[in-house]
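Chemist: Show me the folded form of this:
(chains A, B, C and D)
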2 protein chains.
Amino acid sequence: MFDISEFIPVKSTVFLVLLALAEEPRHGYGVMLDVQGRSKGAVKLGTSHLYRHLKRLLDDGLVEEVEPNEPDTDDPRRRYYQLTDMGQELVRVESLRLRELVKDSKRLGYI
Amino acid sequence: MFDISEFIPVKSTVFLVLLALAEEPRHGYGVMLDVQGRSKGAVKLGTSHLYRHLKRLLDDGLVEEVEPNEPDTDDPRRRYYQLTDMGQELVRVESLRLRELVKDSKRLGYI
DNA sequence: TTAGGCTATATGCAAAATGCAGATATTAAG
DNA sequence: CTTAATATCTGCATTTTGCATATAGCCTAA
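Modeler: Residues are numbered from 1 along each chain as shown, chains lettered A, B, ... in the order given. As a prediction, this is how the structure comes out:
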């Protein structure tokens, strides 16, 4: 369907951004908080970094901007993003790759 | 035991190197072949990159050089590496982190 | 025996990514 | 009103990457 091979392996921090958006559309700052929360604070993604990642993901067609569900309750500065079809496939393929690595690690007795 | 928090998240390509060494001591070129094989060719690690990663891992105390098991059968150019205790712990902790991400991806229906 | 391909490690350099700091502005709480 | 939290974005020095290339030992077949 899509040729996503050039994006694999997905960078560790970028995968966290994709996974945040995999759950539901979010704005940049929300992505940052999700990344921190998901890793219990172990991974911190600086804002500068975050927005540059988002710009890159937009350019690559993995993420697209979307209107918020309830505009009136939202801070107007917020820009919402969601995964494109290609972005969803990348999450799927990269998840499978990581699952194999985890399986190897388990087989070797590390976890 | 060790403070490995500064190394998390481990870069995608570096984790592949660590996992190659997690199986058994290998020399640089062997690591490269393992990385390619483990991902069925999807991930290619250039030689320049590989040796710089190894140097960095040595400097960080995650990997250490080791004498080959059977010197006489080996190409004398080869330098063998294995994980240190800290390197092993990093593999363990990072594997657990990745397992959670895969679990999230599964919960969201991506895999 | 030598030519070619694979194995093996390493460096140089331009381009890209990163980390840190800070600019700018809105919202919410006290 | 003042402060803290929210929110997006840019500048710049440093680090990492990608690509090419250097060097050289090993292996096999013409």
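
Chemist: residues from chain A in reach of DNA strand D?
Modeler: By C-beta under 7 Å from any atom of the strand, the residues of chain A that approach DNA strand D are A:27-30, A:33, A:47-48, A:51-52, A:54, A:75, A:77-79. No exception for glycine: its C-beta is placed from N, CA and C like everyone else's.

Chemist: Can you tell me which of the residues you listed are classed as buried?
Modeler: The neighbour-count test (16 or more other C-beta atoms under 10 Å in any protein chain shown) applied to the residues of chain A next to DNA strand D identifies A:27-28, A:30, A:54 as buried.

Chemist: could the residues you listed go into TSV alongside secondary structure, distance to A:Arg97 and pLDDT?
Modeler: TSV is the format used below for those (DSSP: H, G, I helix; E, B strand; the rest coil; distance: C-beta to C-beta, whole Å; pLDDT from 0 to 100):
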residue	secondary structure	distance to A:Arg97	pLDDT
A:His27	strand	28	93
A:Gly28	helix	26	92
A:Gly30	helix	26	92
A:Leu54	helix	23	96
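
Chemist: Which pair of the residues you listed spans the longest distance?
Modeler: A:Gly30 and A:Leu54 (11.4 Å; C-beta to C-beta).

Chemist: so the spatially most central residue of chain A is in which element?
Modeler: Geometric centre of chain A, nearest residue: A:Leu18, 1.3 Å, by C-alpha atoms, centre = their mean. If you go by DSSP states H and E, A:Leu18 is part of helix A:12-23.
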